[in-house]
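Enquirer: after the sequence you'll find the predicted model.
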Amino acid sequence: MQVRNHAIPGTVINGIIDKLFEFFDLPEDYKHKYDTKDPTDLIRWGKGNINHVSREFVKMAVHPTFHCPSNPHGFSEILQEYTQKVRELGIQLLGGISMALGLEKSYIEKKMNLESGYDFFTANDYPSRQHSENRIGQFAHIDPGLIILIIQNVSGGLQVKHNGKWLNVNLQPDWIFVNVADHLEILTNGKYKSAVHRVVVNNEVRRATLPLFLGPSLDTVVKPAPEFTDDSNPPAYVGITYKHYLEYNNFHVIDGKSCLNQIRI
Ligand SMILES: O=C(O)CCC(=O)C(=O)O
Ligand SMILES: [Fe+2]
């Protein structure tokens, strides 16, 4: 799904992309202080070039509490504005999805306790093909959470698997790509499917992407809701808290394994 005329100002998007490149261009010594040690750290930095992947990333928890590296100057303010606006949009989209499922608009919002929903933001930095030994930015994976909203500085790199084939997601830089993630699949008992996607390195330019992962609150037990189950559609997943789910997949760090197959009945 793609969203075009959204309310995130271009100045905010460009501002955040500039700050991100500034962050990634900081000396490695500084970034190493966020080196991923414990998956529950609220800011985590990591660099690929392992397992033939070219990617640098920084992940931070942004809701219900907001965390951001203090450098570069101004990064935190603009990121806070960005994530708040994208979160609002995401909640509106989940309202639309609830209605499309024939339920009241606030259904997912209430059921998933989004008021204290655990959202995390990832900034991904992929080198251009010319500056990369590898072709892959991220191997095929699915994402935890309900939906992921992605903005990028340049199109070309993200691919989604559809009917066994990899399709390029061609977005204009100011469009938002919305990916369905694991917890919408679990909640709807498979009516919505978590989208398998991967990232290839862009042929021409360095590419930054800004996914925001919108999730339930950490203590919400997510399981197929009764509205989506009956005798012929029994629950297809075991219910576990969002926190346990994230712990299993290492809070979605490099090559985080998905928990979805583990909880399938
Ligand atoms: O960088 C992209 O295009 C997608 C990012 C992504 O899939 C992720 O960070 O989980
Ligand atoms: Fe992803």
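Expert: In hand now; what should we look at? Ligands and ions are numbered 1, 2, ... in the order given.

Enquirer: alpha carbons only for contacts and neighbour counts from here, please
Expert: Fine.

Enquirer: just the element for residue 138, please.
Expert: Using DSSP states H and E, residue 138 maps to strand 136-141.

Enquirer: so the residue nearest to residue 192 when sequence neighbours are not counted: helix, strand or coil?
Expert: Spatially, and ignoring its direct neighbours in sequence, residue 192 is nearest to residue 185 (5.0 Å; CA to CA, 6 or more residues apart in numbering). Under DSSP: H, G, I helix; E, B strand; the rest coil, residue 185 falls in the helix class.

Enquirer: and the strand holding residue 138, average pLDDT?
Expert: For strand 136-141, mean pLDDT is 89.

Enquirer: what's the following helix or strand after that strand?
Expert: strand 147-152.

Enquirer: tell me what the helix or strand following that following strand is packed against?
Expert: As assigned by DSSP H and E, the chain's next helix or strand after strand 147-152 is strand 158-162. On a contact count with 3 or more CA pairs under 8 Å, 6 or more residues apart in numbering; DSSP states H and E, strand 158-162 meets strand 165-168, strand 197-200.

Enquirer: columns mean neighbour count and distance to ligand 1 on top of the ones you listed, output as a markdown table?
Expert: Shown next, in a markdown table, are the helices and strands packed on strand 158-162 (neighbours: other CA atoms under 10 Å; distance: least, CA to the nearest ligand atom, whole Å):
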| stretch | mean neighbour count | distance to ligand 1 |
| --- | --- | --- |
| strand 165-168 | 13 | 10 |
| strand 197-200 | 21 | 6 |
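
Enquirer: switch the ones you listed over to CSV; also include mean pLDDT.
Expert: Formatted as CSV, the helices and strands packed on strand 158-162 follow (pLDDT from 0 to 100):
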stretch, mean pLDDT
strand 165-168, 95
strand 197-200, 93
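
Enquirer: just so I know, which of the ones you listed lies nearest residue 178?
Expert: If you check each of those against residue 178 by CA to CA, strand 197-200 wins as the nearest, at 12.0 Å.

Enquirer: so residue 104 sits in a strand?
Expert: No: applying three-state DSSP, one finds residue 104 to be coil, outside a strand.

Enquirer: tally of neighbours for the nearest residue to it once chain neighbours are set aside?
Expert: Nearest residue to residue 104, sequence neighbours excluded (CA to CA, 6+ apart): residue 98, at 6.3 Å. Neighbour count of residue 98, defined by other CA atoms under 10 Å: 17.

Enquirer: if I look at residue 98, how far off is residue 240?
Expert: Applying CA to CA, to the nearest Å, the value for residue 98 to residue 240 is 21 Å.

Enquirer: residues in contact with the nearest residue to residue 221 once chain neighbours are set aside?
Expert: Distances taken as CA to CA, 6+ apart place residue 241 nearest to residue 221, at 4.0 Å, with adjacent residues excluded. With contacts defined as CA atoms under 8 Å, 6 or more residues apart in numbering, residue 241 is in contact with 218-222.
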